[in-house]
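Undergrad: Based on what follows, work out the 3D shape:
(chains A and B)
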Amino acid sequence: MAPTKELSSKDQAAIKNISKLFDDKKYKKGLKACDAFLKTHPDNVDASCFKSLIIYNMDQKEEAHEIANKAIKSNMTSSIAWHTLGFLHRQDKNYLEAGKAFKMASKNNKESSQILRDLSSIQLYARDLTGLKESYAALLKLQPSIKSHWIGLIITYHLMGQQKAAFSILEKFFDILDDKEKTGLRYSELLLYKCMLLDEMQEYDQALNILVKEEKIILDKLWAKQKQAEILMKKNENQKAETILRNLIKLNPDNLNVHKKLWESKNIKSENLENLDQEKINLLKDLYKDLEQQYPKSVLIQKIPLMFLQDKQEFREHLVKYSGKFLTKNIPSLFNSLKCLYNNKDKVEVITQVFLDHLQSLKDNQTLSGSSEKESPSTILWCYYYLGQHYDKLNDFKESLDYIEQGIKHTPTCLDFYVIKAKLYKHQGDVQRAFEEYDTARKLDLADRYLNTKCAKYALRNNDPDTAEAIFSLIKDESQTLMFNMSEFQVIWYENELGAAYLRSGDYAKALKLFNLVEKHFGEFLEDQMDFHNHIQKKLTLRSYIEFLRWEDVVYQNKPYFDTAKFAARTFLNIQKKPEFVLPLKKVPAIAKPPAPPKSTEPKKDPSTGLTIPEDDDPNGEKYLAKHMNDLWTPALVFVDNLIKFAPNDIEGHSLSCQINLQQKKYLVILKTLLKIKSINENSPLYHKNLMELLIQVSKDTEVSAIVKAAIEKQLSLASDTNSLLAFNQSFADKHKDSAQHRFVAGEILYKLSPESKDKALELIMNVNGETNWEQCVNNLESLSTILPDSVKQYKEKLHSIFPLANAFAEEQQN
Amino acid sequence: MVSIRPCQVSDLMSMQNANLTCLPENYQMKYYLYHFLTWPQLSFVAEDDKGNVVGYVLSKIDEQDSKRGHITSLAVLRSHRKLGIATKLMTQAEVALLEVFDADCVSLHVRKSNRAAFSLYHDILKFKIDEIEKQYYGDKEDAYSMIKFLKEESEKNHEKNKQKNKDKDNKSNETENDKKKTEEKPSTSTTTKTEQPSAPTSKPAGGKKKGKK
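TA: Coordinates of the predicted model:
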């Protein structure tokens, strides 16, 4: 900030001095100087702004805002004052307000490039692309030689989907580069970015032209060649593409994407790979025979024929060979690599036979099936290992456990068997035993971080956060608390699993604390966007930059977030519904917690920045929950709205949205959501449940307008009087009489509609025959406990008889 | 089946998760983004049929020496060992370092106690111990700084320079202990500055810290 002109040279020097003190972070001295100056010049904007910034950095945030606002009030057109207010908001992460303030600052000082830069980074964050375009255009006018402004404008047009405009500015940008800049990696990156744009503009010839003509200058050849092949295929020049793709396979035979393109060049879509006609199969057979000879080390090339071969004998022969290699080399991931074949019954049959043959042959002659070579004694071990997982996949617990036990008997120290054993028990719902088995595996190699991490996860699934923490403390930086490490390194899986354990146990405050932490990380990922612009203009990696910004647009589309959002929504609903059925946390940790580090009176410092870590004033989430008790649905909807926006085909997400909106009587929103669920799968039990619950509530709600009611009935083609609903529910139950989950929903709805039909409702609910799983049934129990709490015990006993190993349905929770 | 391919931005979150699962040296998402945005050609992932990241290599160019590549992190899930994934990932990274950046060599750090990783780098990937960095890790463990030359002539030059430096050191008796590597150390600052407020970090690098196994 330049000192204001009217000041005397002495005063100007004083302001300069303040500025320097501020830059050197000598806040106490700076504040003194400000106060002294303001005594004689109470209305001086510069000094007021510095004072505001200084005390903000001294943690007096509210006061800082007051001073900045006062400075604006006394001089509404002071860009410095607005700029200062913008900083404060930005530091508070209140980006909306920061953007507004920077905009006012810019309006009052159109010549300041600094203000425009600050404004643009907020506009990018907020995806105010129109505003961003204006800011970069203004910057370019002010400083036409500064490259980052050019880049900014190009990227902005690209993000707006105006590739043509982006391209024409890129062309002009090339013109201002001098010859020295037209070499090296940065130039190569620019050329490739140009290709990316041209490809998106469907200007394939121009893009190809660059890729061919500039081949020598282009350094990222892997990307360039792949792009070239893609474009050639878009132009139906498949043969040329194939040559390039084969060269790419030479560089890396294990890239599945390149193989997929290669199939495509032969008019084979990868999603049809398992259902090809004989002609295509023969074509691929020849191709992969050839490739296998050229690249004998590529596991991928050996695997692909297992996908497309259909003839049982041929499949068998190939599988014998493929599996033999894995078994001989004792590679543990064999099952993982064949898992994708299990939706084909014929193939499963062959797989079963092949491995049983291997086993028999190993037992009889110590050779693999169809081979005469003697195997080492460990080969049979990995055959047991496979069969254990195989039968687990086929849901044959007894058989799978039997093979795993044989393996353990053979080599008790092979920890991989305990890992699988833990999985088997987990699938049966015995989360306690699953943890114990995993812990056995972990203890066989305490230095293995992977085992420790996974074991902590098993402890959390077993509702035992203390044990999880004890294990985790073995692998984290011990100078900090667990929560600090979780938060610092964005350990989302742990936060989700820990939060889920609290949710199951009914500790909703703590659960929300964790889910909010995940939400915070996604906020951090979004904020990361604001820091890279300057960096990019130095590196000119514009391809990556665009991909990064597009990824940010859909950052919530990542699976961990979906889990978090669902957990959080269920937590908010449970706070309202108060289910009686909960799974309490383990009281005694399975592993003794290490002694807490001695409490020091010194405030903790962040080792990376040296800044003081503020104490968490709400470690158990109680304050947060208390604050939101009167309005649970606003924060709940933040999660759910992201969920349905970014997972539009996830029925569970839509269902949660219905339930939350039902609490708020937003019937038309629910109607819209229901129609969406219907379009995904109208036979889903969740569709029926939400449909019926909406109509039941609408029929009871005396305040609902006739128009809304009529609209809902019309759209859903269903009257909301009890008799119609009962009939509809009955026909639903009849239609899906073989499905346990459908019957459960029908039973619940029946009871809601007509409590006098309780016996009939229970009949539906207690019939658990048919396909279901224990986890679904835990959710059912929770739901039942809010509707028919008296029947929980009976339902639980029923479930116990179906899932005898599942801890959730056992008589007494072991602790 | 496992596919080995160049890393995309959508892989980074899974990479971070794989790193947290397998290794004691962890980084914030921003550090992964920094790699992706600076050296998009240098990182690779291994993914299984379901698209889960089961291994990755995260690499970069030394900020002080543009001809020196550096492996920031390499991990393969235990469940996918023995498939040669680490070797394949490293091969891809080395080719990219040479082809895109014309790098002379590639270096990495490994804990002295981590025999499995050491033998992978030493016996299979042919890295050599360049020096021992005392108390390199957060828990004070020493690191082997290992190096592999991507061109023949650079190895000779490196040996010569090293010898020269040694002679110089011996003569002037200067220790260069404070030349400690800073490249992977955290550098985030959150202070407000008036003059250049838009750039709290000109080189964005997420905090990194070294923990204990």
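
Undergrad: Could you use CA atoms for every contact and neighbour count after this?
TA: OK.

Undergrad: The helix or strand that contains A:H535 packs against which elements?
TA: A:H535 belongs to helix A:533-539 when assigned by DSSP states H and E. Under the contact definition 3 or more CA pairs under 8 Å, 6 or more residues apart in numbering or on different chains; DSSP states H and E, helix A:533-539 sits against helix A:147-159, helix B:29-38.

Undergrad: quick one: the helix or strand just after that helix near chain B?
TA: Later in the chain than helix A:533-539, the nearest helix or strand by DSSP H and E is helix A:542-553. Yes - applying CA under 8 Å from any CA of the partner chain, one finds helix A:542-553 touching chain B at A:S544, A:Y545, A:E547, A:F548, A:W551.

Undergrad: Just the buried ones from those?
TA: The neighbour-count test (16 or more other CA atoms under 10 Å in any protein chain shown) applied to these identifies A:S544, A:Y545, A:F548, A:W551 as buried.

Undergrad: Throw the residues you listed into CSV and include pLDDT, thanks.
TA: Formatted as CSV, these follow (pLDDT from 0 to 100):
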residue, pLDDT
A:S544, 97
A:Y545, 98
A:F548, 98
A:W551, 98
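
Undergrad: Looking at those, spot the one nearest A:Q91.
TA: A:F548 (23.6 Å; CA to CA).

Undergrad: In contact with A:T328, which residues?
TA: When contacts are counted by CA atoms under 8 Å, 6 or more residues apart in numbering or on different chains, A:T328 touches A:E375, A:S376, A:T379.

Undergrad: Do you know the pLDDT at it?
TA: pLDDT recorded at A:T328 is 97.

Undergrad: State the distance from the nearest residue to A:K107 once chain neighbours are set aside to chain B.
TA: Nearest residue to A:K107, sequence neighbours excluded (CA to CA, 6 or more residues apart in numbering or on different chains): A:S79, at 7.7 Å. In this view, A:S79 and chain B are 13 Å apart by CA to the nearest CA, to the nearest Å.

Undergrad: Can you classify B:H109 by secondary structure?
TA: strand (DSSP: H, G, I helix; E, B strand; the rest coil).

Undergrad: The residue lying closest to it once chain neighbours are set aside bridge partners, please.
TA: Using CA to CA, 6+ apart and skipping the chain neighbours, the partner closest in space to B:H109 is B:S145 (4.7 Å). Note on B:S145: beta-bridge partners B:H109, B:E131, judged by DSSP bridges.

Undergrad: For B:S145, give me its contacts.
TA: Here B:S145 is in contact with B:S107, B:L108, B:H109, B:V110, B:I129, B:D130, B:E131, B:I132, B:E133 (criterion: CA under 8 Å, 6+ apart).

Undergrad: just for the chain, where's the confidence low?
TA: No chain in the question, so chain A it is. A:1-5, A:476-478, A:594-612, A:812-815 (pLDDT under 70).

Undergrad: Not quite, go with chain B.
TA: B:168-213.

Undergrad: again, only using 90
TA: Along chain B, the model assigns pLDDT under 90 to residues B:1, B:24, B:116, B:137-140, B:152-213.

Undergrad: doesn't A:R743 make contact with A:A733?
TA: Yes - taking contacts as CA atoms under 8 Å, A:A733 lies within contact range of A:R743: 5.8 Å.

Undergrad: who has more neighbours, these two?
TA: A:R743 (28 against 20; other CA atoms under 10 Å in any protein chain shown).

Undergrad: what's the offset of the one helix or strand B:M15 maps to from the middle of its chain?
TA: Using DSSP H and E, the element containing B:M15 is helix B:12-22. Taking the mean C-alpha point of helix B:12-22 and that of its whole chain, the gap between them comes to 15 Å (CA atoms, centre = their mean, to the nearest Å).

Undergrad: any bit of it sitting next to chain A?
TA: Yes - using CA under 8 Å from any CA, helix B:12-22 comes into contact with chain A via B:N17, B:L20, B:T21, B:C22.

Undergrad: so who does the second one touch?
TA: Shown here is B:L20, whose contacts under the criterion CA under 8 Å, 6+ apart are A:V491, B:N26.

Undergrad: neighbours of residue 41, just the number please.
TA: You didn't say which chain, so I picked chain A. 15.

Undergrad: Not quite, go with chain B.
TA: B:Q41: 27 neighbours (other CA under 10 Å).

Undergrad: shouldn't it be in contact with B:P6?
TA: Yes - B:Q41 is within contact range of B:P6, at 7.3 Å (criterion: CA under 8 Å).

Undergrad: before we move on, back to that, list just the nearest of the contacts of A:T328 to A:I765.
TA: After measuring the contacts of A:T328 against A:I765 - CA to CA - the closest member comes out as A:T379, at 48.3 Å.

Undergrad: Can you tell me the SS state at the closest one?
TA: On the basis of three-state DSSP, A:T379 is classed as helix.

Undergrad: show me the contacts for it.
TA: So A:T379 contacts A:L327, A:T328, A:K329, A:N330, A:L362 (CA under 8 Å, 6+ apart).

Undergrad: One more: A:K260?
TA: Taking CA under 8 Å, 6+ apart as the test, what A:K260 contacts is A:K269, A:S270.

Undergrad: For A:I536, see how far away it is.
TA: 32 Å (CA to CA, to the nearest Å).
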